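S.K.: coordinates for the following, if possible.
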Amino acid sequence: MTELNTFDYELPPELIATQPTQQRDQSRMLVVDRQANTIIHSSISKLPLYLNSDDCLVLNDTRVLSARIFGVRKSTGGKWEGLYLGSDESGQWKLMSKTRGKLISGETIDLVPAHPRQEQKQISLQMQSKDAEGYWTAAVQSDEDHHTILEHFGTMPLPPYMRRELATDIDWERYQTVYANQPGAVAAPTAGLHFTPDLLNECMQKGIQIAKVTLHVGIGTFKPILVQTLDQHKMHSEWCELSEESAVLLNETRQKGGRIVSVGTTSVRTLETVAQQGSLNAWRGETDIFIYPPYQFQAVDCLLTNFHLPKSTLLVLVSAFAGTELIREAYEKAVEEQYRFFSYGDAMLIL
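M.R.: Alright, predicted model coming up:
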């Protein structure tokens, strides 16, 4: 039985990165070698030096939606704020909702653009029902597809610790990976934010293969753990896909004795979900996999990741991969050396 408090640590608030570095590949990188039991300081620009020519990097190519939306309650004129979490086959939206006073089923929300827009649009949401966890289903009073509506009305859904009301021009560029091309996430797969086209090219010139997976980062990734024993935590499901092309690349890598290097915890969860079906074949569907110690990894050999929030599912996964004690020591060293933490923070490479 694994206790949540095992994954707590003290973080000075000034180490939380609220802004990105000037350049994507300027971040520091803590290198944790599990076999040698060593922790050394490096930088993300030196990543190719730690990889072998027969390795394969696995990138999550999801694209962050403008999922944070604002509106006015038609009945009261009160302000309303929501986070789009997805839509079902009938086109109804699933939302997190925030407003003063009690929202009632059947209420109408008139959407208001988060940023100034030249084109005027009038689109409303009719709030249908609230589930046991407090998420709302809403009918959209429009024939436009949800991506177009969100692009017009929404803003980038930045984590609250970044402490700003709306995404800036810098956020629009930097809270998105350079290879993001599958819209559907409500948070960025942050380990990928460090990569520039040049860094990716440097890896490929060394012979390192690049495989893409898609996991649309949703509430499951960042929802806090509210139970004290981890086996009682239930993850929300998120949609993911491993293509035929990527599956072939990964199997070839293993056959040649190369390592599968997962960029980010979302890539890990995709690969481990697929591996549970028996082998790394093309697969798509919903995953609610929650990886916590002890866990036997089947599809990942190395992991590039950021520094995660205390008591989060992400920190628990990283601890399962590298060992709780080694990760505790690595985090202590990172705090000591004033690494930058969380989404816009520095990286950790676990070999």
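S.K.: break down the stretch 251-351 of the chain into its strands, ranges please.
M.R.: Using DSSP state E, counting those that start in this stretch, the strands of the stretch 251-351 of the chain run over residues 260-263, 283-287, 302-306, 347-350.
S.K.: need the ones you listed in a markdown table (columns: mean pLDDT).
M.R.: Listed next are those as a markdown table, based on pLDDT from 0 to 100:
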| stretch | mean pLDDT |
| --- | --- |
| strand 260-263 | 98 |
| strand 283-287 | 96 |
| strand 302-306 | 98 |
| strand 347-350 | 98 |
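S.K.: and those: which comes nearest residue 94?
M.R.: Closest of the strands of the stretch 251-351 of the chain to residue 94 is strand 283-287, at 13.3 Å (criterion: C-beta to C-beta). The C-beta positions use only the backbone N, C-alpha and C, and glycine is treated the same way.
S.K.: rewinding a little: deepest-packed of the strands of the stretch 251-351 of the chain, please.
M.R.: Counting by mean count of other C-beta atoms under 10 Å, strand 260-263 has the highest mean neighbour count of the strands of the stretch 251-351 of the chain, with a mean of 28.
S.K.: kindly list the longest strand within the protein.
M.R.: strand 79-87 (DSSP state E).
S.K.: buried residues of that strand, list them for me.
M.R.: Along strand 79-87, these residues count as buried under the neighbour rule (16 or more other C-beta atoms under 10 Å): 80, 82, 83, 84, 85, 86, 87.
S.K.: let me have the strands of the stretch 251-351 of the chain in TSV, adding distance to residue 124 as columns.
M.R.: Below are the strands of the stretch 251-351 of the chain laid out as TSV (distance: least, C-beta to C-beta, whole Å):
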stretch	distance to residue 124
strand 260-263	40
strand 283-287	29
strand 302-306	38
strand 347-350	43
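S.K.: how about these, which one is nearest residue 178?
M.R.: Ranking these by proximity to residue 178 (C-beta to C-beta) places strand 260-263 first, at 12.1 Å.
S.K.: now for that closest one, which elements pack on it?
M.R.: Packing partners of strand 260-263 (3 or more C-beta pairs under 8 Å, 6 or more residues apart in numbering; DSSP states H and E): strand 56-60, helix 244-255, helix 265-275, strand 302-306.
S.K.: partner strands of the longest strand of the chain, with direction?
M.R.: Strand 79-87 pairs in its sheet with strand 68-73 (antiparallel), strand 93-99 (antiparallel), by DSSP bridges.
S.K.: how far does it sit from its chain's centre?
M.R.: 18 Å (C-alpha atoms, centre = their mean, to the nearest Å).
S.K.: quick one on the thing from earlier: and the buried residues of strand 79-87, which is closest to residue 11?
M.R.: residue 83 (24.6 Å).
S.K.: ok, that closest one touching residue 94?
M.R.: No - counting by C-beta atoms under 8 Å, residue 83 stays clear of residue 94, with 9.7 Å between them.
S.K.: where in this protein is pLDDT low?
M.R.: 1 (pLDDT under 70).
S.K.: which ones are touching the most centrally placed residue in it?
M.R.: Centrality entry for the chain: nearest residue to the mean C-alpha point is residue 189, 3.5 Å, by C-alpha atoms, centre = their mean. Shown in contact with residue 189 (C-beta atoms under 8 Å, 6 or more residues apart in numbering): 60, 62, 177, 215, 217, 263, 264, 266, 267.
S.K.: re earlier: ok, which of the strands of the stretch 251-351 of the chain comes nearest residue 235?
M.R.: strand 283-287 (8.2 Å).
S.K.: okay, stretch 325-345 in CSV with CA atoms only?
M.R.: What follows is stretch 325-345, C-alpha atoms only, in CSV (Å, rounded to 0.1, in the frame of the first residue of the first chain):
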residue,chain,number,x,y,z
GLU,A,325,14.4,7.3,-3.1
LEU,A,326,16.4,8.3,-6.2
ILE,A,327,13.7,10.8,-7.3
ARG,A,328,13.5,12.3,-3.8
GLU,A,329,17.3,12.8,-3.9
ALA,A,330,17.1,14.3,-7.4
TYR,A,331,14.4,16.7,-6.4
GLU,A,332,16.4,17.8,-3.3
LYS,A,333,19.4,18.5,-5.5
ALA,A,334,17.2,20.4,-8.0
VAL,A,335,15.9,22.6,-5.2
GLU,A,336,19.4,23.1,-3.8
GLU,A,337,20.7,24.1,-7.2
GLN,A,338,17.6,26.3,-7.9
TYR,A,339,16.3,24.5,-10.9
ARG,A,340,13.0,25.9,-12.4
PHE,A,341,10.0,23.8,-11.7
PHE,A,342,6.7,22.8,-13.4
SER,A,343,5.5,23.5,-17.0
TYR,A,344,7.9,26.2,-18.0
GLY,A,345,10.7,24.8,-15.9
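S.K.: which parts of the chain are helices?
M.R.: With helices called from DSSP state H, the chain shows them at 47-50, 146-153, 169-174, 197-205, 219-222, 244-255, 265-275, 313-322, 324-336.
S.K.: will you turn the ones you listed into a markdown table that also has distance to residue 38 and mean neighbour count?
M.R.: Formatted as a markdown table, those follow (distance: least, C-beta to C-beta, whole Å; neighbours: other C-beta atoms under 10 Å):
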| stretch | distance to residue 38 | mean neighbour count |
| --- | --- | --- |
| helix 47-50 | 12 | 17 |
| helix 146-153 | 45 | 17 |
| helix 169-174 | 31 | 14 |
| helix 197-205 | 23 | 14 |
| helix 219-222 | 29 | 20 |
| helix 244-255 | 25 | 16 |
| helix 265-275 | 22 | 27 |
| helix 313-322 | 12 | 24 |
| helix 324-336 | 10 | 17 |
